[in-house]
Each structure stands twice: as structure tokens, then as C-alpha cells.
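Enquirer: This is a predicted model, with the sequence first.
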2 protein chains.
Amino acid sequence: MATSAAQKRAHAKTEYDAFLAGCPSRQLLERISDKWVALVLAALGGDDAGGAARHGGSQRRSMRYSELSRRLAGVSQKMLTQTLRSLERDGLIIRTVTPTVPVTVTYELTDLGMSLQHVMYGVKDWAEAHMGAVLANRTHYDTVHS
Amino acid sequence: MATSAAQKRAHAKTEYDAFLAGCPSRQLLERISDKWVALVLAALGGDDAGGAARHGGSQRRSMRYSELSRRLAGVSQKMLTQTLRSLERDGLIIRTVTPTVPVTVTYELTDLGMSLQHVMYGVKDWAEAHMGAVLANRTHYDTVHS
DNA sequence: CAGGATCCCGCTAGATACTG
DNA sequence: CAGTATCTAGCGGGATCCTG
């Protein structure tokens, strides 16, 4: 249609649309749709191993590089560093360097990071909660589809 | 902070831990942490283009292959088909073939799929909502870090 | 300790062509 | 219309070595 006026009005709130290939939000969606992002945020969001003290998991927690590295089993330094840099650049986490004898670096969620952690935690939690159902569905699917 | 008994009970549900490299939930997290998954679920979850009729977005919507292909701008048939197969195998969507003259295939969310759509919508929505802030942070970061 | 820099392999995503 | 099949380029991501 010629009049883009109507479209603009509808766009008011939805300035960005991830369904559109060229939209920046599409790239952002791609970035945050990453297992390492989910796990880093979950770790900094206070998602403890035992599953305790979570649910909304609102207390943010400062962690050192080596702590994160240990927590995210199997992550390479490259991916961890790369993920941390990306998150820092996007303003989701803050990197603090303390010039102790061997230098100490800690990472912490920003408020913006906390807001994302909230939704990303849901994804990680979903995966853990529905793993059994998914596994069953896969077996069924593989059985049916010879 | 009381007895660990309470924790253990809460633990009962947390049979899987995505922080562990070998855990199946780690792979599942990796699968669903995908932009195409997010977009397919959002589309089938009734996330309309104009931004209308959403929020909790609870009405599921049946869509044809070509509809999805058009909706997810820029997706290749390979990626779309691959994503749809994966989601079907995991029991998140249902594929229905109607033997009309040119065959008609429709996709629809299952209840399990709806539950994931709920959390994934949050991710897509976050990306669109905080795009501006992230963009500003990036500019700032790039400015500071010569 | 917390990375930076390289090398390099593998797999994935994209393009293209073909089919029921 | 709704895919399947094939080929290939590109880069994601791991391994390794080095540094402040």
C-alpha cells in the first residue's frame, strides 16, 4: 500500500520486528539465543547448583572468570571469553578488574542483564523440566518413522 | 535457610542440570536456543505482525508451510524444514497432511509446544523491547574501547 | 589468573536443482 | 505446494601456545 502512515502507527510500540530479516532485533535474537548466553546469565543470576534459592532467582551474584569456567562444564576459554565480551558490549554484564597480585576479574549482571536473565532462566528451566517428555516423544517419533 | 530436606524435595524435579556437559538437557537447551525455533514458535503461537492480539499470546494457530516461509523472512526451506522436523520430533508441533490436489501441510503447536512458546516468546519480545538500549550500549562500548 | 592470538577442522547454513 | 537431495563456502568453535 502507498500509505505507510497506518503501518507507522501500528509500529509505535513494535519499533523492531524480529520476523523481518533486516531488523537489528533479528540479530539480537540470534545472539541471545545461545546456550552459553543462557548458562552465563543463569550462573550470574544466582542459579545455584543444588536448585536452591531460585524460582524467580533475583539476587545477582558476582563471579570470577575461573568460577564461571568451572560452573559451565565443558566450555572453552574462547567461547567463554567471547560470550562474556559480547554480553559486556551489549551492556548486560559488567566486568571489573581488581589489580591484585594475580589479577582478579569479576563479572556481574547489570539491570538490563537481570531483565534478560529472567526470561532466559525460563528457557533453561523449561529444558530441564520437560526433558523427560521430549525424550519420550523422540523415541516415539523414531519408532513410528521406521 | 533450613533443612536440606526441603532442597532435596525441590531437587526431585530437577533431575537434569544444563550446567553439566553430559546432561541431555544441555543438548536440549542448545536446540531450543535457536532463532528459528523462537520465530517458528512465535508464529504458531499467534504472534501477529502488527503486534495485535498478543501479550500472553495463548491462542494457537495453524499455519501452512508456505505461510511460515513467508512469515519468517529470509529463512531457507532447508532451515525451515529442518527446524519443523526437529520440533515435530520433540513433540512440540504437529504436522498434518491433507491430500488435496496440491498437497496441503499444516503445522500447529502441541500443549508441550505451547508451554515452550510461552517462555520463548519472552526472549523474542525482550530482543525487540530492549533493542534500543543494547544499541546504545554497543556504541558506548565501541567508543570507549578505542 | 585471565585472557590474547593462531591454526584448523567440521558441520551448518545457503544456494541450486529436482520431485511427488 | 511442500518438500528432498546435493554441493560448497564460510565460520563456529575447539585445541594449542603464549602473555601481562
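Expert: Nice, thanks for sending it over. Predicted model only: the values in this text are computed from it and were never measured.

Enquirer: ok, is the helix or strand A:Thr83 falls within in contact with DNA strand D or not?
Expert: According to DSSP states H and E, A:Thr83 maps onto helix A:77-89. Yes. Helix A:77-89 reaches DNA strand D (Cβ under 7 Å from any atom of the strand) through A:Gln77, A:Lys78, A:Met79. From N, CA and C alone the C-beta is placed, and that goes for glycine too.

Enquirer: What residues sit buried inside that helix?
Expert: Residues of helix A:77-89 classed as buried: A:Leu80, A:Thr83, A:Leu84, A:Ser86, A:Leu87, A:Glu88, A:Arg89 (neighbour count, 16 or more other Cβ atoms under 10 Å in any protein chain shown).

Enquirer: And for stretch A:20-36?
Expert: In stretch A:20-36, counting by 16+ other Cβ under 10 Å, buried: A:23-29, A:31-36.

Enquirer: Report the entries of those that also contact DNA strand D.
Expert: Restricting these to those adjacent to DNA strand D (criterion: Cβ under 7 Å from any atom of the strand) gives A:Asp34.

Enquirer: so which of the buried residues of stretch A:20-36 are also by chain B?
Expert: When contact is defined as Cβ under 8 Å from any Cβ of the partner chain, those meet chain B at A:Pro24, A:Ser25, A:Arg26, A:Leu28, A:Leu29, A:Ile32, A:Ser33, A:Asp34, A:Lys35.

Enquirer: Could you list every helix and strand that the strand or helix carrying A:Gln27 packs against?
Expert: When elements are assigned from DSSP H and E, A:Gln27 belongs to helix A:24-32. Under the contact definition 3 or more Cβ pairs under 8 Å, 6 or more residues apart in numbering or on different chains; DSSP states H and E, helix A:24-32 sits against helix B:35-44, helix B:111-129, helix B:131-144.

Enquirer: please redo it, this time with the cut-off set to 10 Å
Expert: When contacts are defined as 3 or more Cβ pairs under 10 Å, 6 or more residues apart in numbering or on different chains; DSSP states H and E, helix A:24-32 packs onto helix A:35-44, helix A:77-89, helix A:111-129, helix B:35-44, helix B:111-129, helix B:131-144.

Enquirer: circling back to that earlier point, please see if the helix holding A:Thr83 touches chain B.
Expert: Yes. Helix A:77-89 reaches chain B (Cβ under 10 Å from any Cβ of the partner chain) through A:Arg85, A:Ser86, A:Glu88, A:Arg89.

Enquirer: For chain A, give me the ranges with low pLDDT.
Expert: For chain A, the stretches with pLDDT under 70 are A:1-14, A:49-57.
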